[in-house]
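# Need coordinates for the following:
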Amino acid sequence: MWRALLITLLALPLVAEAGKQCGNDQQLDPRVLMDNFLKQELVGQRPEQLISWENFKPAYKGSEYVYPINTPNLSADSMTVVKAWKLEKIEMRGNEAIARVEMFTLADVWRPKGTENDKFGRRVTEIGETFVEKYRMRKVDNCWYVIDPPKPVISFDTVLTSLESDLSEIKSLTWENITDEDRKAKSVLEKEVSLLIRLKNRYLGGV
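Presented below is the predicted three-dimensional model:
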């Protein structure tokens, strides 16, 4: 009897682990997870609850400064500006998965090495091509998570609207209230907005 009881007690943690339920419907299936993740990210609302960071340390990818981004600041952070995206396929590998996402990229917004602490140090590079981005996913306690996602993928309209709003706010300041930092921000925003409008006319037909 004691032996049977011991075997039962030892098996309890395994049963409890197997019985854990995921409380978020968005994380029950990797395709649903990826679809919801991208839809929220496109409008600048990166869903932190769907992300699991394994590498919190900033690094360099060539000359680009790469760092984890949770809630993107569209006026300061790195991002990929896209016209459209399509979830091509998901490759399953047990509790791991890779999502391949095709996106028409209008611009790459990035920070070169040495601009880590420069609020206005990012660069905008015109792309105008279709790329495939890969996203890692993993199932933990029956919930799927996006693992160490690349920099945010934001829709063109979301980025342009946000930057134009920031620029308009600065322009509304009176000369008594405007600071040197505001003037620098105004100059940077004017350049970025001008470039994005040019990209809009080139790749979106001005629509």
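# Next one: the residue positioned nearest the centre of the chain from Thr158, what distance?
In the chain, the centroid-proximal residue (C-alpha atoms, centre = their mean) is Pro152; its distance is 2.3 Å. Here Pro152 is placed at a distance of 10 Å from Thr158 (C-beta to C-beta, to the nearest Å). All C-beta atoms are positioned from the backbone trio N, CA, C, and that covers glycine.
# which residues touch Gln26?
32-33, 36, 47, 50 (C-beta atoms under 8 Å, 6 or more residues apart in numbering).
# those helices in the chain, which residues are they?
2-18, 30-42, 156-171, 180-203 (DSSP state H).
# what residues are shared contacts of Pro152 and Thr158?
Gly44.
# about what we covered before: give me the buried subset of the contacts of Gln26.
Neighbour-count burial within the contacts of Gln26 applies to 33, 36, 47, 50; the criterion is 16 or more other C-beta atoms under 10 Å.
# Closest one of the residues you listed to Lys186?
Nearest to Lys186, judged by C-beta to C-beta, of the buried ones among the contacts of Gln26 is Pro47 at 31.7 Å.
# now the residue nearest to the centre of the chain: how far from Gly94?
Relative to Gly94, and taking C-beta to C-beta, Pro152 is found at 28 Å.
# what's the answer for Ser187, then?
51 Å.
# swap in Thr80?
From Thr80 across to Gly94, the span is 29 Å (C-beta to C-beta).
# out of these two, which sits in the busier spot?
Shown here are Thr80 and Gly94; by other C-beta atoms under 10 Å, Thr80 has more neighbours (22 against 7).
# if you skip the residues just before and after it, what's nearest to that one?
Val153 (4.8 Å; C-beta to C-beta, 6 or more residues apart in numbering).
# what does stretch 132-142 rub up against?
17, 20-22, 28, 30, 33-34, 37, 52, 80, 88, 90, 95-103, 144-150, 153.
# rerun that using 7 Å as the cut-off
20-22, 30, 33-34, 52, 88, 95-103, 144-150 (C-beta atoms under 7 Å, 6 or more residues apart in numbering).
# Next: stretch 106-122.
Contacts of stretch 106-122 with the rest of the structure, by C-beta under 7 Å, 6+ apart, involve 60, 63-65, 76, 78-83, 123-128, 156, 184-185, 188, 199, 203.
# try 6 Å
60, 63-65, 78-79, 81, 83, 123-127, 156, 184, 188, 199, 203 (C-beta atoms under 6 Å, 6 or more residues apart in numbering).
# Please state the offset of that stretch from the chain centre?
Centroid separation for stretch 106-122 versus its chain: 16 Å, with C-alpha atoms, centre = their mean, to the nearest Å.
# ok, back up a step: for Gln40, see how far away the residue nearest to Thr80 is.
In this view, Val153 and Gln40 are 11 Å apart by C-beta to C-beta.
# Compare these two (neighbour count), which wins?
Higher neighbour count among Val153 and Gln40: Val153, with 22 against 14, using other C-beta under 10 Å.
# Contact partners for that one?
41, 80, 82.
# quick one: the residue nearest to Thr80 from Val82, how far?
6 Å.
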